[in-house]
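[1] generate coordinates for the sequence data below:
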Amino acid sequence: MKSAKRAEISYERKPGKIHSFFALKFHDGDEDRAKVEAIEAALNKAGVEITLMARDVEKWGKAEIPVGKTLMKDFAFPAMKQCDCNIIEFSEKGVGLGMNGGFCYAAGKPIYVIAKKGSDISTTMANIATEVIFYEKPEDLIAPFKRIVAGFPRVILASSSKYRKQMMMDAGIPFEVVVSDADETPDEAKSLKDQLAEIAMRKAMVVFEATKKRGRRLIIAADQNIAFENVLYGKQKTVKAARELLCKMRGSDEIYSYTGNAIILADGDKILQTVNLTDTARLVMDDLSDDEIEEFLKLDTWKTVCGAANINNSFFVRLKEGRLSTAQGMTLEYAKELLRDL
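    Purely as a prediction, here's the structure:
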């Protein structure tokens, strides 16, 4: 029998979907498996994807928990942290279901208790539940969970940048991506900082307009350029331009990451709070030889970041002053401040 592994749960959510931990008293029988699959089919129709220990970790009895580990502590609790919420099927009570609910309640995760009509829901479970939903057949769950999904608070990243996605994942923040097609032409009459802050807000506002029918959400947008000798540099279009810029910047500790940030906390068509400013981080680049620059340019990663090389894609650029997140291209600390109000 193979060894059980943790469930794979991405922090990037599909648009209009939520991911829930699902728990029930499971007896390892075909009847319970069929019950789970019927409920999952209904939840999927409502926009809910689930993680289930019996299937995703124990592989329906074909994987065993390694010696020295336990299903709840080493597999279930970490998965609960990564999910948006918790759905507990409570038609039949169980000690594990109580532990499940208590952990998620302490972690601030919404708890949706579902049970066949006529089931006895304990006072303790009812008190920690966000909502209790009774059903006769699995299809009865579609309508209430469509409502839950439609109003579920969501973080929306207005960028397809792999670096910004990774920052969200590293921070443990579930998010979905809605790419903005905002005009990124800078207003050169403004300061460098104001230019980037304005572009970031344009991106955020495009996504706000596109999601007005959604419920409460936190929209995060950013725009980064590398400033050197008071000139902004975005992504370089040719290898010649990248080479010339790297030759100029090598050996300097006066390279700056200017990152414009725009965060909008919204509910429907109402904007509740905004943050819009540019943060700066100071970088230093090693004094590279011509050969080292040529070897780096062969990697083609110079095409993916502002200034051809920055802290995301090269070992020879380091943070000297300021926030690491700003150097990476999105000052995540500002978004975290508004997360409390989401």
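
[2] read off the pLDDT value for residue 29.
    Listed pLDDT for residue 29 reads 72.

[3] quick one: it and residue 36, what's the gap?
    Distance of residue 29 to residue 36, computed by CB to CB, to the nearest Å: 11 Å. Every residue, glycine included, has its C-beta placed from N, CA and C.

[4] more crowded one of these two?
    residue 36 (20 against 10; other CB atoms under 10 Å).

[5] with adjacent residues omitted, what lies nearest to that one?
    Closest residue to residue 36 apart from its sequence neighbours, by CB to CB, 6 or more residues apart in numbering: residue 52 at 6.3 Å.

[6] do the same with residue 301
    residue 313 (4.4 Å).

[7] backbone dihedrals for the one you found, both of them.
    phi -130, psi 10 (degrees, to the nearest 10).

[8] and it, how far from residue 265?
    32 Å.

[9] ok, the least confident helix or strand in the chain by mean pLDDT: who's next to it in the sheet?
    Ranked by mean pLDDT, DSSP states H and E, the helix or strand of the chain with the weakest confidence is strand 231-233, at a mean of 89. Strand 231-233 pairs in its sheet with strand 216-228 (antiparallel), by DSSP bridges.

[10] may I see the buried residues of the strand it pairs with?
    216-228 (16 or more other CB atoms under 10 Å).

[11] likewise for stretch 148-157?
    148, 149, 152, 153, 154, 155, 156, 157.

[12] adding pLDDT and secondary structure, write the residues you listed out as a markdown table.
    What follows is these, written out as a markdown table (pLDDT from 0 to 100; DSSP: H, G, I helix; E, B strand; the rest coil):
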| residue | pLDDT | secondary structure |
| --- | --- | --- |
| 148 | 95 | helix |
| 149 | 94 | helix |
| 152 | 92 | coil |
| 153 | 92 | coil |
| 154 | 92 | strand |
| 155 | 96 | strand |
| 156 | 96 | strand |
| 157 | 97 | strand |
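
[13] could you chop the protein up by domain?
    Following automatic domain parsing, one gets these domains for the chain: 2-151, 154-339.

[14] related to what we said a few turns ago, quick one, which of residue 313 and residue 265 is more surrounded?
    residue 265 (20 against 16).

[15] okay, now the sheet partners of the strand or helix carrying the more buried one, with direction.
    Using DSSP states H and E, residue 265 maps to strand 255-267. Strand pairing for strand 255-267, determined by DSSP bridges: strand 216-228 (antiparallel), strand 270-285 (antiparallel).

[16] just send those back as CSV, with mean pLDDT and distance to residue 161 too.
    CSV is the format used below for these (pLDDT from 0 to 100; distance: least, CB to CB, whole Å):
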stretch, mean pLDDT, distance to residue 161
strand 216-228, 95, 8
strand 270-285, 96, 17
